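Engineer: sequence? don't have it. structure:
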């Protein structure tokens with residue numbers, strides 16, 4: 001194992017390392033996210049403490065490995081020690097063993113070798129949610145709802161998603177044989193599929209909502225700026241008079257991607273973000289190099305919420321501080337720290353916090369958290385997986401005030417406070433249990449196998465009765481409802497009929513027409529998005545949007561008391 005070999009070498013060469021550490025060490029990284037160099041060597045008394053600590057670390061490892069009462073796995077012992085060191089730091093500093101490092105590279109590069117399917121575990125088996133159009137799986141006729149019951153002859157019963165992904169992904173050009181169980185087909189059938197490079201779009205949806213263009217951005221990869229530029233051009237061609245850039249539930253990504261997206265909305269040489277760290281070479285400023293072209297003349301609203309983080313916050317803050325767009329939603333997560341990735345070997349790395357982000361007006365994006373807050377999952381959308389953990393935000397009156405280019409008040413305190421706040425209701429207990437069970441998905445898979453599914457489908461009374469019967473046969477629905485002390489009966493289902501009917505339509509649209517059609521159904525009752533569209537009914541220009549923000553802010557100040565109006569503003 002690579003880790004064992006690495007640490008064995010470390011143990012054998014420890015005296016040499018200590019001497020070398022005293023004599024010379026590599027230079028510090030030149031910039032945030034520069035992963036090609038190692039940290040600056042300690043100096044003076046710090047250097048001596050570093051040498052002594054390194055000796056102690058090696059001694060502890062050696063004593064444990066050779067003297068502990070039971071045999072110790074060298075790799076596991078090393079990884080435990082490293083993770084213990086990371087626990088002493090902030091929640092974003094992490095050791096990346098081979099699997100995690102591979103996932104990081106895939107998420108930032110936006111591509112991997114595979115079949116082109118999205119899977120979830122449903123009723124004990126990996127089940128296709130949807131194939132990605134144009135991929136090998138799509139071209140081989142894989143459908144949403146297909147159960148993958150075998151991979152290369154091995155049963156997938158009770159696989160988890162990671163087990164399945166490990167076998168399905170591989171080098172482009174290689175083949176994998178899977179066995180499919182499809183609703184409406186008596187016997188499972190095998191398919192041999194040739195893997196290809198699968199490009200993961202960071203901008204999965206862009207469409208018109210009346211005369212307003214809507215773009216959903218789910219991550220910030222290397223391709224994101226170009227993807228958004230292309231989507232804006234497509235929406236312009238459809239005569240969009242305004243734009244919604246939805247960054248909700250977007251956990252972030254690459255700094256260079258955030259800069260590239262910001263440039264689409266800013267003028268040349270406007271400051272996007274700057275960083276400050278312990279080392280002087282971590283203090284950097286980033287400016288718009290190209291200037292606004294794609295979004296010129298399109299009044300824009302950027303949507304954020306408590307799960308918008310990192311690169312999402314950089315973009316939202318840049319356009320807000322320069323009065324280039326209106327920011328609507330709820331205060332963002334506050335992940336304003338810079339992580340530099342230091343490769344440790346060919347397949348492992350260290351992701352280390354080296355600086356913090358500041359907005360053009362001087363606000364720190366970062367929000368310090370207690371240890372209990374570190375497990376907040378930024379990747380889950382309530383409409384699909386239940387509500388994320390919710391933090392209470394400080395009232396505006398208790399936050400430090402800053403000023404935009406035009407003098408509008410914006411707020412510090414960690415995270416990005418929107419110009420106009422709009423609440424977003426989370427799912428109720430029954431809705432969470434229903435989504436967790438996957439009953440809507442399984443019902444749609446069954447229904448589509450035996451019925452036509454028109455694009456304007458509406459759920460009628462017989463279909464609703466069929467769903468009730470289907471739900472009562474589900475293996476775990478009583479268990480999931482029991483978590484919330486709910487009992488499965490007609491009264492409960494009738495009380496939640498509107499949500500059930502929308503969920504059935506969502507999953508049938510996904511099965512028949514793909515992810516975009518499903519998403520358009522899912523956002524029909526999106527309260528925050530509806531409010532944004534109402535703003536566009538009252539605003540024809542960016543100045544109109546900013547005027548509405550001033551009016552909203554004035555009303556909030558009036559409600560909270562005149563003392564807030566006189567609070568000092570940092571300029």
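Structural biologist: Arrived safely, thanks for sending. Just so it is clear, the structure is predicted and the values come from calculations on it, not from any experiment.

Engineer: longest helix in the chain, by residue count?
Structural biologist: helix 44-67 (DSSP state H).

Engineer: Could you pull out the buried residues of that one?
Structural biologist: Buried residues in helix 44-67, defined by neighbour count with 16 or more other C-beta atoms under 10 Å: 50, 51, 58, 61, 65. Placement of C-beta: from N, CA and C, glycine included.

Engineer: how close does the last one get to residue 71?
Structural biologist: If you measure residue 65 against residue 71 using C-beta to C-beta, to the nearest Å, the figure is 9 Å.

Engineer: circling back: centre of the chain to whichever helix or strand comes after the longest helix of the chain, how far?
Structural biologist: Next along the chain after helix 44-67, taking DSSP states H and E as the criterion, comes helix 74-87. Relative to its parent chain, helix 74-87 has a centroid offset of 26 Å by C-alpha atoms, centre = their mean, to the nearest Å.

Engineer: what's next to the following helix or strand past helix 74-87, contact-wise?
Structural biologist: Using DSSP H and E, the helix or strand that follows helix 74-87 towards the C-terminus is strand 94-96. Under the contact criterion C-beta atoms under 8 Å, 6 or more residues apart in numbering, strand 94-96 has outside partners 79, 82, 83, 86, 100, 104, 341, 348, 349, 350, 351.

Engineer: ok, now with 7 Å
Structural biologist: Strand 94-96 is contacted by residues 79, 82, 83, 86, 104, 348, 349, 350, 351 when judged by C-beta atoms under 7 Å, 6 or more residues apart in numbering.

Engineer: With respect to pLDDT, which of those residues ranks lowest?
Structural biologist: Ranked by pLDDT, these bottom out at residue 104, which scores 56.

Engineer: Which of the helices and strands in the chain ranks last by mean pLDDT?
Structural biologist: Sorted by mean pLDDT, DSSP states H and E, the helices and strands of the chain end with helix 14-23, the least confident at a mean of 32.

Engineer: longest strand anywhere in this protein?
Structural biologist: strand 349-358 (DSSP state E).

Engineer: mind checking how far the residue nearest to the spatial centre of the chain is from residue 367?
Structural biologist: The residue lying closest to the centre of the chain (C-alpha atoms, centre = their mean) is residue 251, at 3.4 Å. Residue 251 sits 15 Å away from residue 367, going by C-beta to C-beta.

Engineer: any idea of the pLDDT on residue 436?
Structural biologist: Confidence score, pLDDT, at residue 436: 88.

Engineer: Is it within a helix or a strand, and which one?
Structural biologist: Going by DSSP H and E, residue 436 is in helix 429-437.

Engineer: For residue 154, give me its contacts.
Structural biologist: Contacts of residue 154 by C-beta under 7 Å, 6+ apart: none found.

Engineer: In the beta-sheet assignment, what are the partners of it?
Structural biologist: Note on residue 154: beta-bridge partners residue 151, judged by DSSP bridges.

Engineer: quick one, strands of the stretch 301-450 of the chain?
Structural biologist: Here the stretch 301-450 of the chain has its strands, by DSSP state E, counting those that start in this stretch, at 326-329, 337-343, 349-358, 401-403, 409-411, 420-421.

Engineer: For those, which has the smallest mean pLDDT value?
Structural biologist: strand 337-343 (a mean of 83).

Engineer: where does the stretch 101-250 of the chain dip in pLDDT?
Structural biologist: 101-112 (pLDDT under 70).

Engineer: which residues sit against the helix or strand containing residue 213?
Structural biologist: Residue 213 belongs to strand 212-216 when assigned by DSSP H and E. Residues from elsewhere that reach strand 212-216 (C-beta under 7 Å, 6+ apart): 203-207, 228, 231, 235, 240-246, 533, 536.

Engineer: Would you mind listing which of those residues are buried?
Structural biologist: The buried subset of the contacts of strand 212-216 - by 16+ other C-beta under 10 Å - is 203-206, 228, 231, 235, 240-246, 533, 536.

Engineer: Just the closest of these to residue 464, please.
Structural biologist: Nearest to residue 464 out of those is residue 205 (C-beta to C-beta; 28.3 Å).

Engineer: wait, isn't that closest one in contact with residue 516?
Structural biologist: Yes. If you go by C-beta atoms under 7 Å, residue 205 and residue 516 touch, sitting 5.8 Å apart.

Engineer: Give me the domain ranges for the protein.
Structural biologist: Listed domain ranges for the chain are 2-88, 111-199, 205-342+353-368+397-421, 429-525 (source: automatic domain parsing).

Engineer: Please work out which of those domains is packed deepest.
Structural biologist: domain 205-342+353-368+397-421 (a mean of 21; mean count of other C-beta atoms under 10 Å).

Engineer: Quick one: end-to-end distance for it.
Structural biologist: From its first residue to its last, domain 205-342+353-368+397-421 covers 24 Å (C-alpha to C-alpha, to the nearest Å).

Engineer: Quick check: phi and psi at residue 461.
Structural biologist: Residue 461 adopts backbone torsions of phi -60, psi -50, taken as degrees, to the nearest 10.

Engineer: for it, what are its contacts?
Structural biologist: Residue 461 touches nothing, counting by C-beta under 7 Å, 6+ apart.

Engineer: I'd like to know which of the strands of the stretch 301-450 of the chain is closest to residue 522.
Structural biologist: Once those are compared by C-beta to C-beta, strand 326-329 is nearest, at 17.1 Å.

Engineer: and the closest one, what does it pack onto?
Structural biologist: Here strand 326-329 touches strand 300-304, helix 527-538, helix 542-560, going by 3 or more C-beta pairs under 7 Å, 6 or more residues apart in numbering; DSSP states H and E.
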